[in-house]
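Asker: Coordinates for the following, if possible.
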Amino acid sequence: MRRRRNVKIVATLGPASSDYETIRALFEAGADVFRLNMSHGEHADIAERHAIIRKIEADTGRPIAILADLQGPKLRVGTFANGEEELEVGQKFRLDLSEAEGDARRVRLPHREIFEALEPGSSLLVNDGKIRLKVETCGADFADCEVMVGGTISNRKGVNVPDVVLPLAALSDKDRRDLEFVCELGVDWLALSFVQRPEDVEEARELAKGRAAILSKIEKPSAVTNFDAILAVSDGIMVARGDLGVELPVQNVPPIQKRLVKKCREAAKPVIVATQMLESMIDSPVPTRAEVSDVATAIYEGADAVMLSAESAAGSYPIEAVKTMNAVAIEVEGDPTYREVIEASRGGRKKTVADGIVSAAREIAETTEIKAICCFSQSGTTAALVARERPRVPIIAMTHVIGTARRLCLTWGLHCVMSEAVTRFKGAVIASARAALSEGFAEKTDQIVVTAGVPFNKPGTTNILRVAPCEERLIYSADPE
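Answerer: The predicted structure follows:
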């Protein structure tokens with residue numbers, strides 16, 4: 001099954017997409033990665049969806065990536081005696097640790113660490129920023145605030161603290177249990193919520209013990225400030241625009257998105273643009289024009305993947321949402337302007353032999369009649385570097401490691417193919433030629449570019465390139481050894 005576009009589609013599973021038929025239909029419609037949201041669903045539900053995805057993978061013969069999204073430390077107010085209260089602009093309102101039910105003057109905020117970090121003048125956002133409080137005085141167990149933006153506050157609404165780095169671990173006790181569960185289950189990616197600093201990522205990596213790649217969600221101002229350090233220790237990034245748009249002025253989010261996508265591409269690490277991409281399709285079979293433009297913008301920027309959340313998890317039109325995203329991607333990538341934008345933003349410093357090899361592979365492929373670039377990769381490094389070049393020809397990522405093939409499903413342009421382990425470069429060339437033919441990328445009269453690292457099975461050794469014919473007898477005649 002060959003995609004007709006390079007950007008990947010991440011589809012979140014949920015109540016609207018939990019059976020084999022629907023998930024299979026989502027995959028056939030264009031989903032490359034399935035997201036399991038650990039904020040919703042019991043472990044039994046998650047395990048069932050995981051098993052269905054793996055069955056679809058076996059039935060179709062195509063690697064599929066599974067991303068488990070950890071909930072992170074959720075900050076919420078307590079409950080109200082009346083269920084809800086109306087806050088007026090200018091009134092005083094207290095947050096404290098008292099277990100008494102809330103009223104129009106106060107409510108419990110069961111997070112001592114927030115009070116320890118607050119300072120007079122700090123902002124608190126409640127219910128996705130619909131209510132804004134400004135701290136006037138605070139102590140170890142309270143914060144007296146003035147209501148700057150009023151509205152209805154009700155039971156267990158979320159709280160954001162945009163201008164303070166909270167002394168909170170990115171992993172709650174629930175997250176640690178979930179992490180161990182999904183790693184044992186065999187997911188390919190772990191998404192960390194509310195990352196603030198690189199230490200948050202390192203903690204998760206230590207717990208994962210190499211069983212899953214680590215993807216950091218950028219949804220707090222502190223994560224934007226510390227982005228370079230976070231990117232350095234992450235395997236991938238998600239620009240999670242929901243909370244980011246709550247904690248920052250909304251006009252700041254588009255340029256931040258553009259900068260983060262560019263930095264991820266330079267680092268050859270996959271980046272997902274997420275949240276509210278086709279949100280109207282939760283209830284409508286047709287998206288708004290603005291949503292289509294939003295998806296298109298992420299693709300023009302060079303994002304590796306675009307994501308559906310509630311649209312595919314709980315919406316009425318999950319398959320239509322994937323088909324729409326797929327159609328937008330095909331149309332955008334067929335636009336000559338797309339190539340101009342992508343190639344103008346190629347740039348980046350190239351310092352290593354591997355950088356030179358993949359750059360040369362792209363140049364050769366684009367200036368001759370090469371049909372595909374085939375890269376052999378045990379760890380995925382070679383394939384990621386080729387994808388960073390955003391070549392005009394297809395990229396076939398060859399590996400004998402199923403975990404690598406699955407993880408690479410998130411990376412731009414990679415068509416992942418399982419192969420037998422090889423010990424000699426000629427074997428890699430032959431396997432690449434067979435894959436290009438069998439997967440429909442080339443004919444016997446065509447040529448491909450093959451890149452790999454020698455010695456084989458040693459990560460990070462991309463050092464060889466060959467232009468090879470697709471017909472095996474020509475390979476043997478050109479290289480009898």
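Asker: Flag the shaky bits of the stretch 351-481 of the chain, pLDDT-wise.
Answerer: Along the stretch 351-481 of the chain, the parts satisfying pLDDT under 70 run over 460, 473, 475-481.
Asker: At which residues are the strands of it located?
Answerer: With strands called from DSSP state E, counting those that start in this stretch, the stretch 351-481 of the chain shows them at 370-376, 395-399, 414-418, 447-453, 462-469.
Asker: And the stretch 201-350 of the chain, by the same measure?
Answerer: 213-218, 236-240, 271-274, 305-308.
Asker: right, and the strands of the stretch 351-481 of the chain - which one's nearest Gly356?
Answerer: Shortest distance between Gly356 and the strands of the stretch 351-481 of the chain, using C-beta to C-beta, is found for strand 462-469: 9.3 Å. Backbone N, C-alpha and C define where each C-beta goes, glycine included.
Asker: quick one, that closest one and strand 370-376 angle?
Answerer: With axes from the mean of the first three to the mean of the last three C-alpha atoms, to 10 degrees as the basis, strand 462-469 and strand 370-376 are set at 140 degrees to each other.
Asker: Pull out the buried positions in stretch 35-45.
Answerer: Neighbour counts over stretch 35-45 (16 or more other C-beta atoms under 10 Å) mark Arg35, Leu36, Asn37, Met38, His40, Gly41 as buried.
Asker: For Glu21, grab the count of nearby residues.
Answerer: 9 (other C-beta atoms under 10 Å).
Asker: Could I get the contacting residues of it?
Answerer: For Glu21, the contact set (C-beta atoms under 8 Å, 6 or more residues apart in numbering) is empty.
Asker: Roughly how far does the residue lying closest to Asn6 once chain neighbours are set aside sit from Val386?
Answerer: Of all residues not flanking Asn6 in the chain, Gly413 sits nearest, at 3.9 Å (C-beta to C-beta, 6 or more residues apart in numbering). Distance, Gly413 to Val386, using C-beta to C-beta, to the nearest Å: 8 Å.
Asker: Which neighbours do these two have in common?
Answerer: Ile395.
Asker: The two - which one has more neighbours?
Answerer: Neighbour comparison, Gly413 and Val386: the larger count goes to Val386, with 32 against 24 (by other C-beta under 10 Å).
Asker: Could you check how far that one is from Cys375?
Answerer: 5 Å.
Asker: coming back round to it: mind giving me TSV with the strands of the stretch 351-481 of the chain and columns for mean neighbour count and distance to Lys55?
Answerer: Output for those, formatted as TSV (neighbours: other C-beta atoms under 10 Å; distance: least, C-beta to C-beta, whole Å):
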stretch	mean neighbour count	distance to Lys55
strand 370-376	27	28
strand 395-399	27	22
strand 414-418	23	17
strand 447-453	25	32
strand 462-469	18	34
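Asker: can you pull the contacts of Gln378?
Answerer: Gln378 neighbours (C-beta under 8 Å, 6+ apart): Thr399, His400, Val401, Thr404, Phe456, Asn457, Lys458, Pro459.
Asker: how about the strands of the stretch 201-350 of the chain, which one is nearest Pro287?
Answerer: Judged by C-beta to C-beta, the one of the strands of the stretch 201-350 of the chain that comes nearest to Pro287 is strand 305-308, at 10.9 Å.
Asker: which outside residues touch the closest one?
Answerer: Counting by C-beta under 8 Å, 6+ apart, 7-12, 32-33, 35, 238, 270-275, 277-278, 295, 298-299, 318, 321-322, 325, 329, 410, 412 sit against strand 305-308.
Asker: burial count for the nearest residue to Pro63 once chain neighbours are set aside?
Answerer: Leaving out its chain neighbours, the residue that sits closest to Pro63 by C-beta to C-beta, 6+ apart is Ala405, at 4.0 Å. Close neighbours of Ala405, defined as other C-beta under 10 Å, add up to 26.
Asker: how close does Ala405 sit to Asp228?
Answerer: Here the criterion is C-beta to C-beta. By it, Ala405 lies 29 Å from Asp228.
Asker: and if you look at Glu340?
Answerer: Between Glu340 and Asp228 the distance is 28 Å, computed by C-beta to C-beta.
Asker: Check Arg156 too.
Answerer: For Arg156, the distance to Asp228 - C-beta to C-beta - is 35 Å.
Asker: Hmm, which of the buried residues of stretch 35-45 is lowest in pLDDT?
Answerer: Ranked by pLDDT, the buried residues of stretch 35-45 bottom out at Gly41, which has 85.
Asker: Verify the stated contact: it with Gly14.
Answerer: Yes - counting by C-beta atoms under 8 Å, Gly41 touches Gly14, with 7.4 Å between them.
Asker: Identify the residues contacting the residue positioned nearest the centre of the chain.
Answerer: Central residue check for the chain by C-alpha atoms, centre = their mean: the C-alpha nearest the mean position is that of Ile272, 3.7 Å away. Neighbouring residues of Ile272 by C-beta under 8 Å, 6+ apart: Val10, Leu215, Gly236, Ile237, Met238, Val239, Ala303, Asp304, Ala305, Val306, Met307, Leu410.
Asker: ok, now with 10 Å
Answerer: By C-beta atoms under 10 Å, 6 or more residues apart in numbering, the contact list for Ile272 reads 8-10, 33, 35, 67, 189, 191, 215, 217, 236-240, 261, 264, 298, 303-307, 410.
Asker: Could you give the bridge partners of it?
Answerer: Taking DSSP bridges as the rule, Ile272 bridges to Met238, Ala305.
Asker: mind checking how far it is from Val253?
Answerer: Taking C-beta to C-beta, one finds Ile272 at 15 Å from Val253.
Asker: taking the mean pLDDT, what do you get for stretch 279-291?
Answerer: Per-residue scores along stretch 279-291 average to 97.
Asker: Mind listing the shared neighbours of Val386 and Cys375?
Answerer: Residues touching both Val386 and Cys375 (C-beta under 10 Å, 6+ apart): Ile357, Val358, Ala361, Ile395, Ile396, Ala397, Leu414, Val449, Thr451, Thr462.
Asker: The third one contacts Arg388, doesn't it?
Answerer: No - using C-beta atoms under 10 Å, Ala361 makes no contact with Arg388, being 11.6 Å away.
Asker: need the contact list for the nearest residue to Val224 once chain neighbours are set aside.
Answerer: Counting by C-beta to C-beta, 6+ apart, Val224 lies nearest to Ile256, which is 5.9 Å off, once chain neighbours are set aside. Taking C-beta under 10 Å, 6+ apart, we find Ile256 in contact with Ile218, Pro221, Val224, Phe227, Val239, Arg241, Leu244, Gly245, Leu248.
Asker: got it, and Leu215?
Answerer: 67-69, 188-192, 195, 201, 204, 234-238, 269-272, 410.
Asker: can we see that at 6 Å?
Answerer: If you count contacts by C-beta atoms under 6 Å, 6 or more residues apart in numbering, Leu215 has them with Trp189, Ala191, Gly236, Met238.
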